[in-house]
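Visitor: how would this look folded up:
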Amino acid sequence: MKPIPRKAQRGSNHYNLDKQPITRSDGQGTKGRQYILINKQRQHTFDRKAMHRFLSDLVMHLEVHHRPFSVVFISDEAMRRYNREYRGFDKPTDVLSFPGDYGYLGDILISSQTAYNQALKSVTLSFETNLRRLVLHGLLHLMGYDHETDEGQMRALERRLRRRFKC
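Guide: A predicted model of the protein is given here:
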C-alpha cells in the first residue's frame, strides 16, 4: 500500500527546532543579523513580523548583528522547570537568559503567560510591548550586563533603549 502524502502546514508553530535561524540582511550582503525566533507556546498570540522588525532594529543598534542568538517563547510550566533547574527558584519568571559561547550569543527564554499577566496588571503596558521589553532585557544580559551587580548601568541603558524603541 502506498503512503498518503501529507501537506506541510505553513506557519505552524509546532516545536520546529530543526529550522535554520532567520537571517535578516540590512542591504549589505548576506552577513546581516542572525537570530531565531521560536514560539513553543500556544496560549498567547503575538505579531511575529513586528517582533522580527523590533529584533532587527535592536540588534543593529546594539551592534550584535554578527552574533546569532535565539528567542524562545514558552509556557509558565516550562519556565518554572528552567528556573528551578538553573536558578533554584521553584516558580515561573518572565525572562531567562543563557549566554552562549564560540560566537553564539545565547538563548533568551520568555514566558508568554507571565508577560501576558504582567500586561493585564498594567494600565500602560500592552502584551506585545511587554514582550519587546523582555527581549531587550534578555539581550542585554546576553551582552554581559547584570543589573544585580553593575551599580545601575544596565538599568540606565535599558531605560534609554525602552524610550528609543517605544517599549
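Visitor: contacts and neighbour counts: CA atoms only from here.
Guide: Fine.
Visitor: Just after the worst-scoring helix or strand of the chain on mean pLDDT, pick out the following helix or strand.
Guide: None of the helices or strands of the chain scores lower by mean pLDDT, DSSP states H and E than strand 22-24, at a mean of 43. The C-terminal neighbour of strand 22-24 among helices and strands, as given by DSSP states H and E, is strand 33-39.
Visitor: Give the buried residues for stretch 80-98.
Guide: Using 16 or more other Cα atoms under 10 Å as the test for burial, stretch 80-98 gives 80, 81, 82, 83, 92, 93, 94, 95, 96, 97, 98.
Visitor: Pull up the gap between the second one and residue 135, please.
Guide: Residue 81 sits 20 Å away from residue 135, going by Cα to Cα, to the nearest Å.
Visitor: Would you map the helices across the chain?
Guide: Secondary structure of the chain (DSSP state H): helices at 48-61, 76-87, 112-121, 127-142, 153-165.
Visitor: So which bits of the last one are buried?
Guide: Which is helix 153-165. 154, 155, 158, 161, 162.
Visitor: Check the first one too.
Guide: Across helix 48-61, burial judged by 16+ other Cα under 10 Å covers 51, 52, 54, 55, 56, 57, 58, 59.
Visitor: pretty sure the third one contacts residue 131?
Guide: So the one you mean is residue 54. No - contact criterion Cα atoms under 8 Å: residue 54 and residue 131 do not qualify, at 10.5 Å.
Visitor: For residue 44, state which of the buried residues of helix 153-165 is nearest.
Guide: Distance to residue 44 across these (Cα to Cα) is lowest for residue 162, with 22.6 Å.
Visitor: Name all residues that make contact with the closest one.
Guide: For residue 162, the contact set (Cα atoms under 8 Å, 6 or more residues apart in numbering) comprises residue 133.
Visitor: okay, it: pLDDT?
Guide: Residue 162 is assigned a predicted lDDT (pLDDT) of 97.
Visitor: residue closest to the middle of this structure?
Guide: Most central residue of the chain, judged by C-alpha distance to the mean C-alpha position with Cα atoms, centre = their mean, is residue 71 at 3.1 Å.
Visitor: Listing request: residues of the chain with sub-threshold pLDDT.
Guide: Flagging of the chain using pLDDT under 70 yields the residue ranges 1-33.
Visitor: Can you give the contact residues for stretch 102-112?
Guide: By Cα under 8 Å, 6+ apart, stretch 102-112 touches 41, 43-44, 67-76, 79, 92-100, 131, 134-135, 138-139, 142-143.
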